[in-house]
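**Q** predicted coordinates and the sequence they were generated for:
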Amino acid sequence: MPVAVCALSHSPLIGFNQPAKAVEERVEKAFDHARRFIAGFDPDLVVLFAPDHYNGFFYDMMPPFCIGTRATALGDYDTPAGELSVAKSARTLAKDVLAAGIDVALSERMYVDHGFSQPLQLLFGGLDRVPVVPVFINSVAAPLCPVGRVRQLGTAIGHASAHLDEQRVLFLGSGGLSHDPPVPQLETATAEVAARLIDGRNPTPEERARRQARVIASGLDLAAGTSSMQPINPDWDQQFLDVVSAGELRLVDAWSTEWFAEQAGHSSHEVRTWIAAYAAMAARGKYVMNYRFYEPVPEWVAGFAVTTAVSADA
Ligand SMILES: O=C(O)CCc1cccc(O)c1O
Ligand SMILES: [Fe+2]
């Protein structure tokens, strides 16, 4: 039963902010490579690990992890809105992961944002083109669980995936690497912003537009060098990619939550989705990262990476 990984950054600013032509062409080539890799692998199930950005998950009920047995994309920025084709295996995976001692939440009505919808759109051409198990991993709403728990979640999902009806499983991670876009934090938020972080579903179109405009402007500032935001950290990003490429995932257990934010910005925790995806792969045997692309793209507020991996014995 073959398994594979694709893990890549996302940015909702793609299509809004224009990096240099050459940069955009290199990223587009990386997307092309990932699309061809996935088409060649021909998965019959995609387990998609992604974060949320206070669009689907709020502090009124913030789980560290959640598997959706149904899921709807909200259509933030210019990503598509609508139902994902959630596989029946979502429930099986939730049951097996719980039995393995990982306390994953379950949602029969999971709302997801660009973290999920952008890779589905970019790699498959739509939300409903491939059976998917959506796995939310909290990567922004402090307090976060130890990153080692995310590795264990991935391991449990990897083991459980071996018993599914589906034969060809792709583990897909979405997010990171280093970046610090202007996502508000509950501890320092005004009362008005805090209310939105606690229960901010269904913002008015004006509210959504205002918020998105702020993030879009932050990318232009970062690229212009006029930003007070934490910069992208290419050294940290390359070291992270080295660890994942070497299959040394146990190292992440020693990484503190604070260290991520200090080194690579608050949203660097989105690499939790990569750690889960690669840990799931590692649970199925040794892997080889056979493609690795990286480029810092300040216009998109992202240390932008695209990787794929296959089983070492494939
Ligand atoms: O809208 C938001 O709250 C944050 C948007 C955002 C921007 C850059 C990179 C990301 O990964 C990302 O998610
Ligand atoms: Fe993100």
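**A** It's in. Ligands and ions are numbered 1, 2, ... in the order given.
**Q** the strands in this protein, which residues?
**A** Listed in chain order, the strands of the chain (DSSP state E) span 3-8, 45-50, 65-68, 71-73, 82-83, 105-107, 110-112, 132-137, 169-174, 287-297, 302-311.
**Q** which residues are contacting stretch 228-243?
**A** Surrounding stretch 228-243, the residues in contact under the criterion CB atoms under 8 Å, 6 or more residues apart in numbering are 176-182, 218, 221-222, 249, 251-252, 263-266, 268, 271, 274, 292, 294, 296-298, 301-303, 305, 307. Every C-beta, even on glycine, is put in place using the N, C-alpha and C of the backbone.
**Q** and stretch 92-109, what's its mean pLDDT?
**A** Looking at stretch 92-109 alone, the average pLDDT works out to 98.
**Q** any idea how far that stretch is from the chain center?
**A** With CA atoms, centre = their mean, to the nearest Å as the basis, stretch 92-109 stands 19 Å off its chain's centre.
**Q** quick check: end-to-end length of that stretch?
**A** Between the start and the finish of stretch 92-109 there is a gap of 17 Å, counting by CA to CA, to the nearest Å.
**Q** still on that earlier bit, which one of the strands of the chain lies closest to Ala90?
**A** Shortest separation from Ala90 across these is recorded for strand 132-137, at 4.4 Å, computed as CB to CB.
**Q** who touches that closest one?
**A** By CB under 8 Å, 6+ apart, the list of residues contacting strand 132-137 from outside reads 45-52, 56-57, 63-68, 71, 84-87, 89-90, 93, 104, 107, 110, 112, 116, 120, 150, 153, 157, 272-273, 276.
**Q** flag every buried residue along that strand.
**A** Within strand 132-137, the residues that qualify as buried are Val132, Val133, Pro134, Val135, Phe136, Ile137, counting by 16 or more other CB atoms under 10 Å.
**Q** format those as JSON lines; extra columns: distance to ligand 1 and pLDDT.
**A** Written out in JSON lines, the entries for these read as follows (distance: CB to the nearest ligand atom, whole Å; pLDDT from 0 to 100):
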{"residue": "Val132", "distance to ligand 1": "19", "pLDDT": "98"}
{"residue": "Val133", "distance to ligand 1": "21", "pLDDT": "99"}
{"residue": "Pro134", "distance to ligand 1": "16", "pLDDT": "99"}
{"residue": "Val135", "distance to ligand 1": "17", "pLDDT": "99"}
{"residue": "Phe136", "distance to ligand 1": "14", "pLDDT": "99"}
{"residue": "Ile137", "distance to ligand 1": "13", "pLDDT": "98"}
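**Q** thought Ser218 was touching Glu299?
**A** No. The pair Ser218 / Glu299 is not scored as a contact, 10.3 Å apart, by CB atoms under 8 Å.
**Q** pretty sure Arg211 contacts Pro203?
**A** Yes. Assessed by CB under 8 Å, Arg211 is found in contact with Pro203 at 7.3 Å.
**Q** out of the two, which sits in the busier spot?
**A** Between Arg211 and Pro203, counted using other CB atoms under 10 Å, the more crowded position is Arg211 (20 against 16).
**Q** list only buried entries from the contacts of stretch 228-243.
**A** Using 16+ other CB under 10 Å, the buried members of those are 176-182, 218, 221-222, 249, 252, 263-266, 268, 271, 274, 292, 294, 296-298, 301-303, 305, 307.
**Q** from those residues, list the ones also adjacent to ligand 1.
**A** Contacts with ligand 1 are made by His179, Pro181, Val301, Ala302 out of the buried ones among the contacts of stretch 228-243, judged by CB under 6 Å from any ligand atom.
**Q** quick check: the farthest pair among these?
**A** The largest distance within these, taken as CB to CB, falls between Pro181 and Ala302 and amounts to 8.4 Å.
**Q** ok, Asn17 - contacts?
**A** Listed by CB under 8 Å, 6+ apart, the contact partners of Asn17 are Ile216, Gly219, Leu220, Ala223, Glu299, Trp300.
**Q** neighbours of the fourth one, just the number please.
**A** If you count neighbours by other CB under 10 Å, Ala223 ends up with 18.
**Q** Val5 contacts Ala277, doesn't it?
**A** Yes. Between Val5 and Ala277 a contact is recorded at 5.4 Å, counting by CB under 8 Å.
**Q** now the common contact residues for those two.
**A** Phe171, Leu172, Gly173.
**Q** give the contact list for Ala259.
**A** Let me fix one detail, which is that residue 259 is Trp and not Ala. For Trp259, no contacting residues are found, by CB under 8 Å, 6+ apart.
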